[in-house]
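In: can you look at this prediction? I've put the sequence above it.
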Amino acid sequence: MTGVEGQDGSRTLQERSWKLEIDAYVEAHHEEMFQDLAAWCAIPTVSSQSEHRDDVRRGAQFALDALRARGCGHGELVETTGHPVVHARFGEDPARPTVLVYGHYDVQPEDPVDEWTSPPFVPTLRNSALYARGAVDDKGQVWAHLAAFESLMASGGCPVNLIFFLEGEEEIGSPHFHEAVAARKNELQCDVAVISDTTMTDPDHPAICTHLRGIVALECHVTGPSADLHSGEFGGIVANPAEALARILAALKDPDTGHVLVPGFYDDIPPLTERERHALAEVPFDEEAMREHAGVDTFVGDPQYSLVERLWAQPTLEINGVTAGYQGEGSKTIIPKHASAKITCRLVPNQDPMTIGRRVADFCESLAPEGVRVKATVQSGGNPVVAPLDSPYVQATADALEDVYHAKPSFIREGGSIPPADLLQTALGIPVILVGFGIQEENYHAPNEHFHETSFMQAVRVIARMMHAFSTIPRTERSKP
Ligand code: BES
Ligand code: ZN
């Protein structure tokens, strides 16, 4: 339990009073908080599309203004070669721990737009949830941190020094985030980073995430004739790049187990220990609900691993897009001159993105059938994340979660990636706490993305409690990882 306990196990009056104040504040103000979040979600901060460049900046400015209005004295946009990073700070008290909140204000593209029940950038409250692109990933979860800060300020003050560092390029692989970290390294010195951009296994069971997969992205280009050719005139004597690409892609994985056939792909991975497998088996995970949500008849993969192990603790190779030949109405009898595929691999601890990317690229090139040229390029990568378990901040977070949910948090892994988490741990030498409030059914990256109002309110209450719990950790125990 959080805080000081009396002999009879009751909490001190002082602790009870700030909790009551915070909970009352959240109860009284959650509608305005959610309205403000809706206004933020109305700004289409799609980082991947240059037409939205000004919108992305507007989204950054909106967050900065909101932070300033709530009491962050220092705040500005940190310029990078790409979209800006929001940097705001409250408090300079050396006696208190300094907590860095990382999150992202950029969002995924909204397509396919006709599958949305309400337009993606017209935030709509429906079924006690806010429907909008970015509602859960990650504006809603970032806004919970802002709202927690607001609640603390209104209930006796914020007990820690707080740094907000909000990125606008997370959804495109954070290509310039390191520039902002390097530019602000001194100002970012802190004791711990908190990231709310992950999920819980269900809305009533809180979770702390200990591992995220890394990622590497590649493109494989196959070229053949110098122009599209008439398939009647040349069919049978000229190699077809679309067919060559299909052969290459089909050779990357074992069709039965999904085992990646790239030489060296698994070389650097230590096998899961019995303890790790046991811990993963303990996580409450509704396979049937997940299958239904995905809309598939059956799951696939290597039967020697459980579903959770396949998702969270094994690497993958996925073909994300294939382009070749004629895509318009009707048929067109050609041998296309070019074919290409976009590929990403999710990686697990100890796999280096660039090394694995090169191994995959080399293998693709080695598979080139006669008559075509194959060039595979590694585009970008991000490290897997291992968050510490032994930090006192983890225990404080677990206590805060239990206090609000009346359930102990599960220690989960996630299949998704947040490359800046590892960058912050490494560059600043601090532990990162991954405590997320989304659920998978809230349609990450998909049409009808939403965030439940109760999840938002619980998140605000948890985060406020975390800050109080962090402030009581003795200086000597504020260990670095
Ligand atoms: N919030 C997600 C990461 C996530 C999703 C974690 C689901 C856990 C469960 C994040 O915004 C994201 O989508 N990251 C990208 C990173 C990539 C573009 C480098 C991802 O995982 O695809
Ligand atoms: Zn995302």
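Out: Received it, and whenever you're ready, just let me know what you need. In this text the structure is predicted, and so the values were computed from the model without any measurement. Ligands and ions are numbered 1, 2, ... in the order given.
In: only C-alpha atoms from now on, for both contacts and neighbour counts.
Out: OK.
In: ok, now which ones touch the spatially most central residue of the chain?
Out: Centroid-nearest residue in the chain, with CA atoms, centre = their mean: residue 418, separated by 4.5 Å. Applying CA atoms under 8 Å, 6 or more residues apart in numbering, one finds that residue 418 lies in contact with 170, 212, 214, 382, 385.
In: my guess is the third one contacts residue 346. True?
Out: Yes: using CA atoms under 8 Å, residue 214 and residue 346 qualify as a contacting pair, with a distance of 5.5 Å.
In: overlap in contacts, these two.
Out: In contact with both residue 214 and residue 346: 416-417, using CA under 8 Å, 6+ apart.
In: let's verify residue 441: helix, strand, or coil?
Out: Put simply, residue 441 is helix when judged by DSSP: H, G, I helix; E, B strand; the rest coil.
In: tell me the confidence at it?
Out: Looking at residue 441, its pLDDT stands at 94.
In: next, give phi and psi for the residue lying closest to it once chain neighbours are set aside.
Out: Closest residue to residue 441 apart from its sequence neighbours, by CA to CA, 6 or more residues apart in numbering: residue 293 at 6.9 Å. Main-chain dihedrals, residue 293, degrees, to the nearest 10: phi -60, psi -40.
In: what residues does this protein have near ligand 1?
Out: 137, 171-173, 197-199, 414, 416-418 (CA under 6 Å from any ligand atom).
In: could you give the number of residues near whichever residue of the stretch 1-150 of the chain sits closest to ligand 1?
Out: Nearest residue of the stretch 1-150 of the chain to ligand 1 (CA to the nearest ligand atom) works out as residue 137 at 5.3 Å. Residue 137: 29 surrounding residues under other CA atoms under 10 Å.
In: gap between the residue nearest to the centre of the chain and residue 142?
Out: Going from residue 418 to residue 142 by CA to CA, to the nearest Å gives 14 Å.
In: same check, this time on residue 198
Out: Taking CA to CA, one finds residue 198 at 11 Å from residue 142.
In: got any ranges where the protein has weak pLDDT?
Out: 1-11, 479-481 (pLDDT under 70).
In: can you pull out the helices in it?
Out: Using DSSP state H, the helices of the chain run over 13-41, 53-69, 140-153, 177-183, 231-234, 241-250, 274-282, 287-294, 307-312, 353-366, 392-405, 419-428, 453-471.
In: show me what the second one is in contact with.
Out: Contacts of helix 53-69 from elsewhere in the structure, counted by CA under 8 Å, 6+ apart, are 40, 43-47, 74-77, 83-88, 105-106, 146, 168.
In: could I have the buried ones of the residues you listed as ChimeraX selection syntax?
Out: The buried residues among the contacts of helix 53-69 can be selected in ChimeraX (16 or more other CA atoms under 10 Å) with this line:
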select :40,43,44,45,46,47,75,76,77,83,84,85,86,87,88,105,106,146,168
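In: count the residues that sit near the residue of the stretch 201-350 of the chain found nearest ligand 1.
Out: Nearest to ligand 1, among the residues of the stretch 201-350 of the chain, is residue 215, at 6.2 Å (CA to the nearest ligand atom). A total of 29 residues lie near residue 215 under the criterion other CA under 10 Å.
In: pretty sure it contacts residue 381?
Out: Yes: the criterion here is CA under 8 Å, and residue 215 meets it with residue 381 at 5.4 Å.
In: what's the overlap in contacts for the two?
Out: Shared contacts of residue 215 and residue 381, counting by CA under 8 Å, 6+ apart, come down to residue 353.
In: which of the contacts of helix 53-69 fall within strands?
Out: 74-77, 85-88 (DSSP state E).
In: distance to residue 277 for these - can I get that in CSV?
Out: Formatted as CSV, the ones in strands among the contacts of helix 53-69 follow (distance: CA to CA, whole Å):
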residue, distance to residue 277
74, 45
75, 44
76, 45
77, 43
85, 38
86, 39
87, 39
88, 41
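In: which pair in these spans the largest distance?
Out: 74 and 85 (13.9 Å; CA to CA).
In: what's the overlap in contacts for the two?
Out: By CA under 8 Å, 6+ apart, residue 74 and residue 85 have no common neighbours.
In: residue 455: how many residues sit nearby?
Out: 21.
In: residue contacts, residue 347?
Out: 213-216, 314-316, 353, 383-384 are the contacts of residue 347 under CA under 8 Å, 6+ apart.
In: closest to residue 337 out of those residues?
Out: Nearest to residue 337 out of the contacts of residue 347 is residue 216 (CA to CA; 27.2 Å).
In: thought the closest one was touching residue 342?
Out: No: Residue 216 is beyond contact range of residue 342, at 10.9 Å (criterion: CA under 8 Å).
In: which of these two has more neighbours?
Out: Set side by side, residue 216 and residue 342 show more neighbours around residue 216, with 25 against 18, by other CA under 10 Å.
In: who are the contact partners of that one?
Out: Counting by CA under 8 Å, 6+ apart, residue 216 makes contact with 344-347, 353-354, 356-357, 378-382.
In: rerun at 6 Å
Out: 344-345, 353, 357, 380-381 (CA atoms under 6 Å, 6 or more residues apart in numbering).
In: thanks a lot, see you next time.
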